[in-house]
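>>> give me the fold of what follows.
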Amino acid sequence: WMEAHIHAFNYYGGVPRLLIPDNLKAGVRENTRYDTVLNRSYQELAEYYGTAVVPARVHHPQDKSHAEGSVKFASTCIIAALRNRKFFSISELKEATAEKLEVLNTQPFKKRAGNRRLAYFQEEKMFMNALPATPYEPAVWSTALILNDYTITDGLNRYSVPYDLIGDDIDIRLTPKTVEAFYNGERVASHVRLKEAQKDPIILPEHMPEAHRKYLSYNSDEFLRRAREIGEDTEHVVLHFLEKGREPEQGYKPC
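I've put the predicted structure just below:
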């Protein structure tokens, strides 16, 4: 739903002043006589493109009759025209659809001069707002209670937020590339979203309590470096602790 808007704006080369969708749940949470509540992601898209969303009235098909007529016409000219063809990939289907779309838009009108493409550029393009420099990146919002591990999840990996938010509810914004956390409307954490599952959570040092941050320095190289600063005998003792077990981590506590 969101990407369909982005693709349409890019295709038109501009953004309309108003968006008048139907009342589908992906876009409109509530549409009453006195108030309209949009899906948060849809509202964010509208604000990014500088347009306003005014949903059609519930049970008033006349509000969108022109749009439904155009959809029916496009379906007949594009989908019906391809109904007997077989496709073996999504990209192949997209390419064929794009070809039929160009045929539809350049087909001459029967009762007037020109075609749909010329009519758009001559009569409507001037009323479109300019596109932003980069397309909007679709986002999914959710809310989570921060537990003692001070992490949030995108369903695949866990990412840290400041530890002092433990016990609080925060808003999570997921895009294909980022994981962001917001508290009282202010962004408090941002991570690059990983595409592969990681064994350990992704935790930034600045999000950790002092004791946890100190634990990050527990490794063989750091213990040996600190031991050398004290003296040769200390280095021998630390090296003994690190080597006497099956793994060096078994010697961290004695070190």
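
>>> in this protein, which helix has the most residues?
When every helix of the chain is counted residue by residue (DSSP state H), the longest turns out to be helix 90-106.

>>> buried sites along that one?
By neighbour count with 16 or more other C-beta atoms under 10 Å, helix 90-106 contains the buried residues 100, 104. C-betas here are computed from N, CA, C, even on glycine.

>>> does anything pack onto whichever helix or strand comes after that helix? Which helices or strands?
Using DSSP states H and E, the helix or strand that follows helix 90-106 in sequence is helix 116-119. Judged by 3 or more C-beta pairs under 8 Å, 6 or more residues apart in numbering; DSSP states H and E, the packing partners of helix 116-119 are helix 90-106.

>>> what's in contact with the helix it packs on?
With C-beta atoms under 8 Å, 6 or more residues apart in numbering as the test, helix 90-106 has contacts from 74, 77-78, 81-82, 85, 87, 115-117.

>>> farthest pair within those residues?
Spatially, the most separated pair among the contacts of helix 90-106 is 87 and 115, at 27.1 Å (C-beta to C-beta).

>>> quick one: contacts for the spatially most central residue of the chain?
When C-alpha atoms, centre = their mean is applied to the chain, the residue found nearest the centroid is residue 175 (1.9 Å). When contacts are counted by C-beta under 8 Å, 6+ apart, residue 175 touches 137-140, 193.

>>> show me where the stretch 101-250 of the chain has strands.
Using DSSP state E, counting those that start in this stretch, the strands of the stretch 101-250 of the chain run over 140-145, 151-153, 158-160, 169-174, 178-183, 186-192.

>>> how far off centre is stretch 168-185?
11 Å (C-alpha atoms, centre = their mean, to the nearest Å).

>>> scratch that, stretch 155-166
Distance of stretch 155-166 from its chain centroid, counting by C-alpha atoms, centre = their mean, is 18 Å.

>>> may I see the buried residues of it?
Neighbour-count burial for stretch 155-166 flags 157-163, 165 (criterion: 16+ other C-beta under 10 Å).

>>> then stretch 111-129?
For stretch 111-129, a neighbour-count test (16+ other C-beta under 10 Å) marks 120, 128 as buried.

>>> go ahead and confirm residue 25 touches residue 37.
No: with contact defined as C-beta atoms under 8 Å, residue 25 and residue 37 do not form a contacting pair (11.4 Å).

>>> who has more neighbours out of those two?
Per other C-beta atoms under 10 Å, whichever of residue 25 and residue 37 has more neighbours is residue 37, with 11 against 8.

>>> beta partners of the more buried one?
On the basis of DSSP bridges, residue 37 is bridged to residue 30.

>>> which ones are touching it?
Listed by C-beta under 8 Å, 6+ apart, the contact partners of residue 37 are 28-31.
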